[in-house]
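Participant: for reference, the sequence and a predicted model appear below.
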Amino acid sequence: MADFVPRDKKHAVVYQIYIRSFCDSNGDGIGDLPGITSKLDYLAKLGIDYLWITPFYPSPMRDNGYDISDYTAVDPTYGTMDDFDELVAEAKKRHIGIMLDMVLCHTSRDHPWFQKAIAGDKEYQQYYFLKDGCNSKGPGDPGEPPTNWKAAFGGSAWEWEPHIGKWYLHLHDVSQPDLNWDNSKIRKEVENVVLFWKKRGVAGFRFDVINFVSKPAKFVDDTEGAGRPLFADGPHIHEYLQELVSTTGIDGMLTVGEMASTTLDNCIKYSNPDNHELAETFSFHHLKVDYANGDKWALKEADIAKLRGILYTWQRGMQEGGGWNALFWDNHDQPRAVTRFGGRAGEGEPNSDWEHVGKMLATTSFFLEGTPYIYEGDELGMTNAHYAKIDQYNDVESLNFYQILLKKGETEDEALHVLSERSRDNGRTPMQWSDGHAAGFTTGKPWLASPANYTSINAEAEVDKPGSIFEYYRNLVHLRHELEVLATGKVTCYEPGDEAPKVLLFERQIGDIRVVVTTSFDQKPCTVDASKLNVGELEPLVFNYKEAPQIQGDGTIALKPYEACAWITKGALNK
Ligand code: GLC
Ligand code: CA
């Protein structure tokens, strides 16, 4: 078969698969590569262009595969290399490119490099950050950790390694020692990993916490408190990325970096094609608007004015600076946005809000500038897990923070409530294929339980059903492919007026074609001031209630709860 060229980043839609939860082909309760291959027709029907698959490499699975012990093999839990090759080939037949997750900031402790390092091999000790403690009384005495840096999953970012009498750095779990990219040997190793998979026919890469790989020249205490950690967007990050991209020849492929605690200026540099770094970036500021005092584990109602401000700043800034956003609400590290932004009404989903919220969120991300990402189950309106007991959870971060919350004096019920809102497992429940056993995900016992609503929220109930969230997404994917204005049109963001405090209002425009979009995150009706936008001269393109909202004579638009609508220049669809 002649090689197909997947769509470019401006016209493409990416679908993210959390392999453990997508489809289990052999009844062991864990999703796998042949499971993904068996669902390619479903994905082709949705119309997506790329599949980003989360790590399936050998791993002790402390962090479900983000702790890698061999970069160039397949973990038997997930299948074989032949299964992988078959997936790539079958996806190609359906014009879908495979994107792989590259976890190159750290390895697992089980990786042979780390094992050799702690066995005393000097060369491999240079692969990691091994340091003496502070205030140590001499060899063998740990003293205190070298700096006050905190690990993402709780506690100090340093662990004492008695075999060699040094502390090692781990910015995530204690089982994930950070690699020393300042050592050119590491950069060569990483290059070989990327080349290995590129040669097997992948179409793109997602780079895990890649903006943490360049550490500060001097390791000093972080004094910024809850602010940006010292190791985000470090001193050589752009240089290292440029080097990796040029030595592997991945420039122009669909590459996306996960940029934790990043800045707009850095993301412009990462994603402006002139810099030859990445195609696009994930940033997370818009998903922290419901963190009280910036603390993920302290609940607060989502601040939609803040959300709007952040999205507008990034839309304007990336456009002006020639950067490119990855647009998303959900991934395997986030609770489900439908639940998160859907208000607290009607916990027993589905209810009417649930469906409107799902479509409203999709409308927002598909009409903004950037590449839209669909996380598995978004297209069905999948919700949080609604677990009631701690033993239903699996995620290392959730289990760590449960203990931390208890130590802080929260009751078990309080801590469980926080987890039910914030745990990453909310986004990791099995894909809901049907109302059958285990939501049709496995014939065995699923590794993680489904929320009870799988009996009504599932693919079988939604595919080909007019008006379903799935069909709504399918239409949006189609519009992304067909309408140049959505791909390359200029974006202009507007304030929606005092009567619409929880609404987004923006316009896309190319030549004489305009698209105006408004999406409401409000549980209550509201009135948007679109008087500057002449929406009356356009025609409705997509909307999430039975009919598009009416435009009043004065240019205001009355919106129902969670209503969304996009209007387009009359006749533009046929141009
Ligand atoms: C990224 C991944 C997350 C993982 C972490 C450590 O944030 O998305 O799942 O736990 O990196 O690798
Ligand atoms: Ca399996």
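Facilitator: Perfect, I can see it now. Ligands and ions are numbered 1, 2, ... in the order given.
Participant: drop to CA atoms for contacts and neighbour counts, all remaining ones
Facilitator: Noted.
Participant: ok, now which ones touch Leu505?
Facilitator: Contacts for Leu505 (CA atoms under 8 Å, 6 or more residues apart in numbering) come out as Cys493, Tyr494, Glu495, Pro496, Val516, Val517, Thr518, Thr519, Ala530.
Participant: let's see it at 10 Å
Facilitator: Shown in contact with Leu505 (CA atoms under 10 Å, 6 or more residues apart in numbering): 308, 312, 364, 492-497, 516-520, 528-530, 533, 564-566.
Participant: so it belongs to a strand, correct?
Facilitator: Yes: applying DSSP: H, G, I helix; E, B strand; the rest coil, one finds Leu505 inside a strand.
Participant: bridge partners for it, pull those for me.
Facilitator: Beta-bridge partners of Leu505, counted by DSSP bridges, are Tyr494, Thr518.
Participant: element containing the residue of the stretch 351-500 of the chain found nearest ligand 1?
Facilitator: Residue of the stretch 351-500 of the chain nearest ligand 1, by CA to the nearest ligand atom: Glu397 (7.9 Å). In the assignment (DSSP states H and E), Glu397 maps to helix 396-407.
Participant: from Asn266, how far off is His238?
Facilitator: Distance, His238 to Asn266, by CA to CA, to the nearest Å: 9 Å.
Participant: so who does the residue most central in space within the chain touch?
Facilitator: What sits nearest the mean C-alpha location of the chain, by CA atoms, centre = their mean, is Asn331, with 3.8 Å. Asn331 sits next to Gln16, Ile17, Tyr18, Ala337, Tyr373, Ile374, Tyr375, Glu376, Asp378, Arg424, Gly427, Arg428 when contact means CA under 10 Å, 6+ apart.
Participant: that one belongs to a strand?
Facilitator: No: counting by three-state DSSP, Asn331 is not found in a strand; it is coil.
Participant: make 53 the starting number, not 1.
Facilitator: OK, 53 is where the count begins now, so the last one is Asn383.
Participant: and the helices in the stretch 203-352 of the chain?
Facilitator: Ranges of helices within the stretch 203-352 of the chain are 236-251, 289-300, 316-323, based on DSSP state H, counting those that start in this stretch.
Participant: as a markdown table, those with distance to ligand 1 and mean pLDDT would be great.
Facilitator: Below are those laid out as a markdown table (distance: least, CA to the nearest ligand atom, whole Å; pLDDT from 0 to 100):
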| stretch | distance to ligand 1 | mean pLDDT |
| --- | --- | --- |
| helix 236-251 | 15 | 98 |
| helix 289-300 | 17 | 98 |
| helix 316-323 | 17 | 98 |
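Participant: just name the most buried of those.
Facilitator: helix 316-323 (a mean of 21; mean count of other CA atoms under 10 Å).
Participant: what helices or strands is that one leaning on?
Facilitator: Applying 3 or more CA pairs under 10 Å, 6 or more residues apart in numbering; DSSP states H and E, one finds that helix 316-323 contacts helix 289-300, strand 306-310, strand 332-334, helix 356-373.
Participant: of all those, which lies closest to Gly207?
Facilitator: Within the helices and strands packed on helix 316-323, the stretch nearest Gly207 is strand 306-310; the backing value is 22.3 Å (CA to CA).
Participant: pLDDT on the closest one, on average?
Facilitator: For strand 306-310, mean pLDDT rounds to 98.
Participant: can you list the strands that it pairs with?
Facilitator: strand 256-259 (parallel), strand 332-334 (parallel).
Participant: and the contacts of that strand?
Facilitator: 58-61, 64, 66, 102, 149-154, 254-264, 297, 319, 322-323, 329-336, 376-378.
Participant: in ChimeraX, select just the buried ones from the contacts of Asn383.
Facilitator: With 16 or more other CA atoms under 10 Å as the criterion, this ChimeraX line picks the buried residues out of the contacts of Asn383:
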select :68,69,70,389,425,426,427,428,430,476,479,480
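Participant: so Phe259 makes contact with Asp153?
Facilitator: Yes: under the criterion of CA atoms under 10 Å, Phe259 makes contact with Asp153 at 6.0 Å.
Participant: ok, now which ones touch the residue in the stretch 53-202 of the chain positioned nearest to ligand 1?
Facilitator: Nearest to ligand 1, among the residues of the stretch 53-202 of the chain, is Tyr118, at 4.5 Å (CA to the nearest ligand atom). Applying CA under 10 Å, 6+ apart to Tyr118 gives the contacts 106-112, 153-156, 158-160, 225, 228, 260.
Participant: distance of it from Pro548?
Facilitator: 41 Å.
Participant: likewise for Glu353?
Facilitator: From Glu353 to Pro548 the distance is 20 Å (CA to CA).
Participant: between those two, which is the more surrounded one?
Facilitator: Neighbours were counted for Glu353 and for Pro548 using other CA atoms under 10 Å; Pro548 has more, 20 against 13.
Participant: just the pLDDT for that one.
Facilitator: 98.
Participant: quick check: the residue of the stretch 403-552 of the chain closest to ligand 1 vs Trp349, distance?
Facilitator: 11 Å.
Participant: before we move on, what about Thr159?
Facilitator: In terms of CA to CA, Thr159 sits 26 Å off from Trp349.
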